[in-house]
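Peer 1: Quick one, fold the following:
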Amino acid sequence: MSTTKWNIDPTHSEVSFKVKHLVISTVTGYFRSFEGSAESSDEKNFDGAKIEFSAEIDSIDTNQKDRDTHLKSADFFDAATNPKLKFANGILVKKGEDYVLKGDLTMRETTLPVEFAVELGGIAGDPYGNTKAGFEITGKVSRKAFGLTWSAVTEAGSVVVGDEVKIIASIQLVKQ
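Peer 2: Numbers count the residues shown, from 1 in each chain. Predicted coordinates for the structure are as follows:
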C-alpha cells in the first residue's frame, strides 16, 4: 500500500499554549522550534494518518524573559533534563467533516494519552509546485498530570498558575 509523507512547514505553522494567571487573565506562550511529520494513505485522505511531533522546550516564548526562564526551570518543564515535548503514536480519525487526533503526549518524563480536535483547512498547491495541507488543532491538558506541579497562592488566595492548559496549533504540512 502506497503512502504519502508530509513534514511540517515551520515557516507557515505555529504552536501555542494558553494558561490562566491569577484566575483573572490568560497568558499565551509559543514553542518557536518544533518539527513533525504525517503519513497518510494518499494526498487527499488523512483518515488514519500517522502523526509524530516534537517541540524544543528551550524555544518557549511568552514574551517575558523571566517567565520563560521559570517555565524552562525544574519548577516546570525542566528543560535541562527534558529538552523536548513529544507527541508519538498519533493517529488522525475522521469524525464528521473534521478529525480527532489521538496519541501519546510526553512532558517531563510523563507520557499520557491525549485527544485533540482537528479541523482540516484544505489542501492546495503553492506557487513553487508544492502540495500543502492546513490544519487547526485544539485541545486541553492538565499540566499537573504531566508533573508540572509548581504552584503558588497569593495573599488573597488566588492561584498564580491554572492547571488547565489550552493547546492551539496552526499547522501547514508540505508533501514530500
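
Peer 1: What pLDDT does the model give the residue lying closest to residue 39 once chain neighbours are set aside?
Peer 2: Nearest non-adjacent residue to residue 39, counting by C-beta to C-beta, 6 or more residues apart in numbering: residue 50, 4.6 Å away. C-beta here means a position set from N, CA and C on the backbone, and glycine is covered the same way. pLDDT, residue 50: 98.

Peer 1: so how far is residue 104 from residue 50?
Peer 2: Per C-beta to C-beta, to the nearest Å, residue 50 is found 13 Å from residue 104.

Peer 1: If you count surrounding residues, which of those two has more?
Peer 2: residue 50 (17 against 13; other C-beta atoms under 10 Å).

Peer 1: so who does the residue nearest to residue 39 touch?
Peer 2: 38, 39, 90, 91 (C-beta atoms under 8 Å, 6 or more residues apart in numbering).

Peer 1: Can you name the residues bridging to it?
Peer 2: Beta-bridge pairing for residue 50 (DSSP bridges): residue 39, residue 91.

Peer 1: How about residue 21?
Peer 2: residue 25, residue 161.

Peer 1: contacting residues around it?
Peer 2: Per C-beta under 8 Å, 6+ apart, neighbours of residue 21: 27, 160, 161, 162.
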